[in-house]
Structures are given as C-alpha cells and as structure tokens.
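Novice: quick check, what structure comes out for this input:
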Amino acid sequence: MPATVTEAVRQFLEKPNFAVLATRSRSNRPQATPVWFLYDHGHIVINTSKGRAKLRNIEQHPEVALAIMDRDDPYRYVQIQGKVVALDSENGARDIDRLSQRYAGRPYPYPGGDRPENRVTIRIEPERVDTMGV
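Specialist: The predicted structure follows:
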C-alpha cells in the first residue's frame, strides 16, 4: 500500500539531495549505492545502466530502501522503504537527462561505453516514510 507523503516531505524531496539506495543481492547480501533521484507523481525515480548490480538486485528483489540526506544538514533526512513498480528502458535516456539537469545543470554526458539505449528508469512506490528533522 502506498505511503502518504506529507507536504513537508514532498518539499524536501524536491531539493536535489543525494540518496543512498539499498538493495538485496540474489544471495540476500545488502548493496548500497548513492543515486540521483526525482520525486515524480508519487514515485521516486532513479536511473541506471543495464548490467549494474542494483538493477540485477532489483530484478530479483523489488523491495528497496532509500536514505536521503539534506545536503545542507545531514542530520535532516528522509528514509523510504518501497517497492519497484516499473523498469522503463524506453524513457531511460530522457530520464537520465532530467536527473542530470537537476543535479549538474546540463544533459547527461555518456562516459566510456555507456550509451542512451543502455539507460533504465526505476520507479519506486514509497510504502513507508520516516523522517528526522523534516
């Protein structure tokens, strides 16, 4: 069941803070990765490349957790537990550009072997939201 996101939390999520995404591997070992994110129509939106550990983990275990710290005050944060409800490679390139504009002020540079068609958008539905100082 989707969690209620209060107005204060929504405003916090609209700031370009960094998040740490926690997933579980096939053998149930935890894996944590810093990520860019957007709050979009009730979902947390992140993006990755095909072949990354977080994507493999999510395909096996769609339950995830995020810790999002205020970049100006790391003792102010939001924790979200949720479930991945969509993996979208059709809009992956568009969404990494949206995230790059939000965090870097420019379209995403595709370094090394990364190509637009390799990008995958991950949509997370919050099921529990906890806050500290928000």
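Novice: wouldn't residue 76 be in contact with residue 68 here?
Specialist: No. With contact defined as CB atoms under 8 Å, residue 76 does not reach residue 68; the gap is 9.8 Å. Quick note: C-beta positions are derived from backbone N, CA and C, even for glycine.
Novice: now for these two: what residues contact both?
Specialist: Residues touching both residue 76 and residue 68 (CB atoms under 8 Å, 6 or more residues apart in numbering): residue 12.
Novice: following element in sequence after the longest strand that the chain contains, please.
Specialist: Looking only at the chain and at elements set by DSSP state E, the strand with the highest residue count is strand 73-88. Using DSSP states H and E, the helix or strand that directly follows strand 73-88 along the chain is helix 92-104.
Novice: what's the angle from that following helix to strand 73-88?
Specialist: Helix 92-104 and strand 73-88 are oriented at 170 degrees to each other (axes from the mean of the first three to the mean of the last three CA atoms, to 10 degrees).
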